[in-house]
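S.K.: Any chance you could fold what I've pasted below:
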Amino acid sequence: MAATLAIEAFLSASGPIVDVRSPSEHAKGRIPGAINLPLFSDEERAEVGTLYKHSGRRDSIQRGLELVGPRLAQMGQQLRDLSASSQEPLRLHCWRGGMRSASVAWLAETLDLDVVLLDGGYKSFRRWVLQRFEQHWPIRLLGGGTGCGKTDVLIALAAAGGAMVDLEGLANHRGSSFGALGQPPQPSSEHFENRLALALERQRGRSPIWLEAESAQIGRCRLPHSLFEQMQQAPVVVLQRPTQERIAALVQVYGPQETNGLLQATERLQRRLGPQRTLEATTCIRCGDLAGACRVILEYYDRCYDHELSRRPAPLATLEVGGLPPQQVAEQLLALQPA
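M.R.: This is a model prediction of the structure:
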C-alpha cells in the first residue's frame, strides 16, 4: 500500500507531482508544477458524483469502473513514462486524498511503480497555502513611479543573493491598465495564491524579503488580505528616476506591442485621464509617438502614486537612481541597514 505523506513532507519530497483531479479542477488551482492525469473528465466526474448522491456508493463506484476501465492501459503507460523520466516515486493527489488518488496508486503499484499519496489531498495543500499568509514575513517594499525599473532591480537583487518575491511575475501582469500586454494568460486568483505561498516559503529564514509595492489587485489576481495588510505596514524604499529615462524604458517595454492593444488599454483609463488627455494619448499612439503618449499617461500614474505614497509612513530611504543599471541599484538596496 502506498505511503501517505503530510503536506510538508509531500512538498519537500522529490519526484513528479501527479494531480488526478478533473481538468477543470486542475485549471482552477493546482500545486505548481503538478501534471494533470485525470481519472475522470469533468463530465464523468459530475456523472459519478450525481450517482453517488442519488444511488449510493456502490453504484457510483460501479459506474466509475465502467468509465475508467477502457483507459487503464493508457493511464498505466502514462504513469510508467512519468516514473521513468525521474527515477523518483510519483507523488499522487486528488481533492481530499480519497478514492481517485487511491485508485491510481493501486494501478501504479500493480505496475511496480513507487508512489506516495498526499494526506488530505489538494484540500490540505490549500489550507497550507492560506496559513502562509497569516504568518509574519520580514517584508520590505520597493516603490517608485511607473517606469523606474523596479522589477528589473528585484531580479538583479535576487541574482546578487538577496531575497525577493516577484509578485508581477507570479501574476503574469505588470500591474497597470497596460500590464497584460505581451504577457502569458494570468492564473486564477487561487493559483496565484498557490504560486505566491510557495515563493514566500522558499525565502523562509531570510530577511528582508523584498516585494514591489503593489495595489491589492494585480490585473485579475488579488493579493491575500492578510499579506496585503503586512505590506501596508512594511518599510518602503523609493526609487526616483528622471522622467525621460522612465519614458524611454516604457517605450522599450511597450513599443513592440500591437497598436490596438495600446489603444484599448489607454481608453480604459478615460474616466481617470479625462477625455482631453485620452484623446491626446491615443492620437500619439496612432501617430507612432509612443514617447508622447507615455508622457501624457505618466502624469496620471504619478498623481496616483504620489497619493498612495502620502498615505504611508515616511520612506525608509529614497534613492536617486538616474543612469544606474539595475545591478548597481540592487547593490544599494542590499547595503541598506535593517529597518
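S.K.: Please name the nearest non-neighbouring residue to Ala6.
M.R.: Distances taken as CB to CB, 6 or more residues apart in numbering put Asp119 closest to Ala6, at 5.2 Å, once the chain neighbours are dropped. In short, each C-beta sits where N, CA and C put it, glycine included.
S.K.: Please apply the same query to Phe40.
M.R.: Distance criterion CB to CB, 6+ apart; nearest residue to Phe40, sequence neighbours excluded, is Ser22 at 5.6 Å.
S.K.: re the thing from before, quick one: the residue nearest to Ala6 and Arg96 touch, right?
M.R.: No. Between Asp119 and Arg96 no contact is recorded; they are 10.0 Å apart, counting by CB atoms under 8 Å.
S.K.: Quick check: buried residues in stretch 291-300?
M.R.: Neighbour-count burial for stretch 291-300, with 16 or more other CB atoms under 10 Å as criterion, is recorded at Gly292, Ala293, Cys294, Arg295, Val296, Ile297, Leu298, Tyr300.
S.K.: So, low pLDDT: which residues of the stretch 201-339 of the chain?
M.R.: In the predicted model, the stretch 201-339 of the chain carries pLDDT under 70 at residues 307, 309-310, 337-339.
S.K.: what about the strands in it?
M.R.: Counting by DSSP state E, counting those that start in this stretch, the segments of the stretch 201-339 of the chain that form strands are 209-212, 217-218, 221-222, 236-240, 317-320.
S.K.: The stretch 1-150 of the chain too?
M.R.: Assigned by DSSP E, counting those that start in this stretch, the stretch 1-150 of the chain shows strands spanning 3-5, 17-19, 35-36, 90-93, 115-118, 139-144.
S.K.: Which one of those strands lies nearest to Ala249?
M.R.: Nearest to Ala249, of all those, is strand 139-144, at 11.4 Å by CB to CB.
S.K.: Please save the CA atoms from that closest one in PDB.
M.R.: As requested, C-alpha coordinates have been extracted for strand 139-144 and formatted as PDB (Å, rounded to 0.1, in the frame of the first residue of the first chain):
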ATOM      1  CA  ILE A 139       8.800  42.300   4.200                       C
ATOM      2  CA  ARG A 140      10.500  45.400   2.700                       C
ATOM      3  CA  LEU A 141       8.900  47.100  -0.200                       C
ATOM      4  CA  LEU A 142      10.400  48.600  -3.300                       C
ATOM      5  CA  GLY A 143       8.500  51.700  -4.600                       C
ATOM      6  CA  GLY A 144       8.800  54.200  -7.300                       C
END
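S.K.: Now the helix or strand just after it: buried residues?
M.R.: Using DSSP states H and E, the next helix or strand after strand 139-144 towards the C-terminus is helix 150-159. Residues of helix 150-159 classed as buried by neighbour count (16+ other CB under 10 Å): Lys150, Thr151, Val153, Leu154, Ile155, Ala156, Leu157, Ala158.
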